[in-house]
Every structure is written in C-alpha cells, then in structure tokens.
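*Asks:* kindly generate the corresponding structure for this input.
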Amino acid sequence: MGVLGGLVLAGGLVAIPYPGPGWLIVFLGLAILASEFAWARRLLRFARGKYDAWTDWLARQHLGVRLSVLSATCLVVLGTLYLLNVFNTVASWTGLVQWTWLQSPLF
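*Replies:* Sure, this is the predicted structure:
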C-alpha cells in the first residue's frame, strides 16, 4: 500500500498544474497512504484544510487576482511543456523544424 500510495501521490503532484484531476489524484494517493500510516492521515487532513482555505480565499478575490492566478498557472504549464520538448515535437509534426527556439534546452 505504501508503494502504491506513493506512486499515486507522485503522479498527482506532477498533474497539479495541468487541466484535470491533479488535486483529486493527490488526495487519493494520500488516502491510500493514510490506510497504513498515521502521518499520512494527519497530512491528508492538513492538505484538505489548506486546499479548502485556498479555494475559499480565491473565490473571495477580485477578478484581477483570479486572472493573475490563472495566468501564473498557464505559465507553469507552458514552461514545463517547453522543458519537456513538447513544442519542438509538435513543430516537427507540422514541418516547422526551422523554429529552433521551440527546442528545449534539456534535449
């Protein structure tokens, strides 16, 4: 259960900034770990409280703040896609290989 919970938790942490159920996967991984470990139960309770507080705070904010958070999230997604060389891969499919600036510095 520890290995499975750890893998699910790690996958959820990677998925958080992307569209989809990132936080749900994190909480699922913590719930799996919490079935075996007391520290995971405490962490799950803490994380759920902080997540609820964050979403409540964000809902109370001005539209400009919410758009700023959305923009920051989009920048994180675009940055990781760039670093993982996704843009260059798609460019090679479309014949735009001359756009060398799309190539990740990691590849």
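
*Asks:* buried set for the strand or helix carrying Val14?
*Replies:* Assessed by DSSP states H and E, Val14 sits inside helix 2-15. For helix 2-15, the neighbour count (16 or more other Cβ atoms under 10 Å) marks 5, 8-9, 12, 15 as buried. For the C-beta atoms, the positions are set from N, CA and C on the backbone; glycine is no exception.

*Asks:* which strands and helices sit next to the next helix or strand after that helix?
*Replies:* Where DSSP H and E defines the elements, the next helix or strand beyond helix 2-15 is helix 22-34. Other elements packing on helix 22-34 under the criterion 3 or more Cβ pairs under 8 Å, 6 or more residues apart in numbering; DSSP states H and E are helix 2-15, helix 38-60.

*Asks:* list the contacts of the residue nearest to the spatial centre of the chain.
*Replies:* Closest to where the C-alpha atoms of the chain average out (Cα atoms, centre = their mean) is Ile16, at 1.9 Å. Contact analysis of Ile16 by Cβ atoms under 8 Å, 6 or more residues apart in numbering lists 22-23, 26.

*Asks:* equivalent analysis for Leu44, please.
*Replies:* 27, 30-31, 33-34.

*Asks:* which one of these has the most neighbours?
*Replies:* Counting neighbours by other Cβ atoms under 10 Å, Leu30 leads the contacts of Leu44 with 23 neighbours.

*Asks:* ok, and the closest non-adjacent residue to it?
*Replies:* Excluding the flanking residues, the one nearest Leu30 by Cβ to Cβ, 6 or more residues apart in numbering is Leu44, at 4.1 Å.

*Asks:* I appreciate the help and will end here.
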